[in-house]
Structure formats: C-alpha cells, structure tokens
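Undergrad: predicted coordinates and the sequence they were generated for:
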Amino acid sequence: MATENKTTITVQTTVKAPVEKVWAFWTEPEHIKKWNSASPDWHTPHAENDLRTGGSFSSRMEARDGSFGFDFAGVYDSVVPHKHIAYTIGDGRKVTIDFIPEDNDTLVSETFEAESINPVEMQRNGWQSIMDNFKKYTEDTSA
C-alpha cells in the first residue's frame, strides 16, 4: 500500500495574554465569531463548539458582500485544556494547536495538513492572517 505524502504547514503567534484567556478566546463561539477571518472583507456569522475529545465544531465563513461562503467543521481527536487541541477536518486533514505559556504571554502554534487545491504559500498566508486576527482581538479585548 502506498503512503500519501502530506505537506504540513505551521503558523504561530505570541499573544500578550495568559494561557487561560487565550484558550477561552480560541474556543468559545462568541469570540470565534469576532476573530475568525483572514481579511476585513470576510466574517464568521455562525460558530458552534463542543470542545471535548469526540466532540465536533463548525463555523460559517462568508464574504461580507455575500458573494461566497463556506463551512469549516471537524471532530476533536484530543483536547487537553489550556495545552493542546487536535482535530480532523471534514475532508480528513489533521490539525493540531499547542498553547505554550511564556511568562504572562502565550505562544499559539497551529500545524495543519495542506490541501491540494491551493498553493501552500497561499494556505500558509491565509491561516497566518487568521492567527494574526486572533492575536489582535485577544490582546485588544478585556477578559
């Protein structure tokens, strides 16, 4: 049996906030809806999250002008509060996120398997833009 060669991409940011706040803002739907977009012309009008091993999540990402949208969903493979999340997206790709406390800051490191439709650099830039939005939202919002 042949094994498929999967390209993985890692995006990271250091958020100037304690891991408890970073975890909450990353996982709670009311926060996800506020930061989960790659650019200002996109938004996430709906998000659901059953944050437990075997639980599922979904969010709806849409262009603000209504021209395009898609659902992003998956099932959690592993959840270790304030430390680690692993999940499988609906198309079978794997994603892991690690939350690493650094004094009063938190390093968030997300690694995902690239899809085969869009160029790797485009995927990296898109996921990094979402990560950058998360950092800005979390640092600018009171807990």
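TA: Perfect, thanks for sending it.

Undergrad: how about the strands in the protein?
TA: Ranges of strands within the chain are 8-15, 42-49, 56-63, 69-80, 84-89, 94-102, 105-113, based on DSSP state E.

Undergrad: which of those strands sits most buried?
TA: Highest mean neighbour count among the strands of the chain (mean count of other Cβ atoms under 10 Å): strand 105-113, with a mean of 19. All C-beta atoms are positioned from the backbone trio N, CA, C, and that covers glycine.

Undergrad: about what we covered before: so which of the strands of the chain gets nearest Asn125?
TA: For Asn125, the closest of the strands of the chain is strand 8-15, at 9.1 Å, according to Cβ to Cβ.

Undergrad: contacts for that closest one?
TA: Residues outside strand 8-15 that contact it (Cβ atoms under 8 Å, 6 or more residues apart in numbering): 22, 102, 105-114, 120, 123-124, 127-128, 131-132, 134-135, 138-139.

Undergrad: 6 Å instead?
TA: 22, 105-114, 123-124, 127-128, 131, 135, 138 (Cβ atoms under 6 Å, 6 or more residues apart in numbering).

Undergrad: can you put the strands of the chain in CSV and add distance to Ile32 and mean pLDDT?
TA: As requested, the strands of the chain are exported to CSV (distance: least, Cβ to Cβ, whole Å; pLDDT from 0 to 100):
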stretch, distance to Ile32, mean pLDDT
strand 8-15, 15, 98
strand 42-49, 4, 97
strand 56-63, 6, 96
strand 69-80, 10, 96
strand 84-89, 13, 98
strand 94-102, 13, 98
strand 105-113, 14, 98
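
Undergrad: Thr27 is nearest to which of those?
TA: With distances scored as Cβ to Cβ, the stretch of the strands of the chain nearest to Thr27 is strand 42-49 (6.0 Å).

Undergrad: which residue sits closest to Tyr137, ignoring its sequence neighbours?
TA: Residue nearest to Tyr137 in three dimensions, not counting chain neighbours: Trp35, with 3.9 Å by Cβ to Cβ, 6 or more residues apart in numbering.
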